[in-house]
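1. here is the input, now give the coordinates:
(one chain, ligands or ions: 1)
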Amino acid sequence: MTMLKTMDARIYTVMHITGAFMIFLAYGGLIVRSMLRSEDILVRKMGAITSGVGLLLVLVSGFGMLSRLHGNTFHPWVIAKLIIWLVLGGLIVLINRKPEMGRALWWVTLLLGFLAIYLGVIKPG
Ligand code: HEM
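-> Purely as a prediction, here's the structure:
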């Protein structure tokens, strides 16, 4: 039973990290597209779909791990991750509409990724 629980959580971890890769891969592409003032629709679509599915995977698997590993307790680090998730999701609007903010958005995106990983691995508080 314990082994089954761990297995489940590991599947969620795989989903979680794959989802995160999708978000950051897509945002990188979208930021570059925006900074180049490109009107390319295919890249915009790929970015929207990949980041959208990635965000969904991260959220579903995050709650999966929360229930398997933490009895659905909303520790402060979990709340912080949810806030990061919301901010990340909203960033796509700025990425697509504000090419002049591309450079800042690049580093903010990376910083949010770092924070989410830090919170998930270190779990402070
Ligand atoms: C893009 C945003 C996110 C990134 C990059 C991210 C990344 C990570 C990483 C790298 C881990 C460590 C996996 C492991 O060592 O097992 C982790 C764990 C976790 N994350 Fe996230 N995460 C994100 C968003 C979220 C969200 C929105 C939730 C909401 C519930 C969440 C909940 C968790 C939980 C519960 C764990 C398990 C911690 C443990 O091992 O006990 N994460 N996350």
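
2. tell me, what residue is most central in the chain?
-> Residue closest to the mean C-alpha point of the chain, counted by CA atoms, centre = their mean, is Ala20 at 4.4 Å.

3. dump the residue contacts of that one.
-> Going by CB atoms under 8 Å, 6 or more residues apart in numbering, Ala20 touches Gly54, Val58, Gly113, Ala116, Ile117. All C-beta atoms are positioned from the backbone trio N, CA, C, and that covers glycine.

4. so how far is Thr73 from it?
-> 22 Å (CB to CB, to the nearest Å).

5. can you tell me the element the residue nearest to the centre of the chain falls in?
-> helix 2-35 (DSSP states H and E).

6. next structured bit after that helix?
-> Past helix 2-35, the next helix or strand by DSSP H and E is helix 41-70.

7. what's that following helix packed up against?
-> If contacts are counted by 3 or more CB pairs under 8 Å, 6 or more residues apart in numbering; DSSP states H and E, helix 41-70 sits against helix 2-35, helix 76-97.
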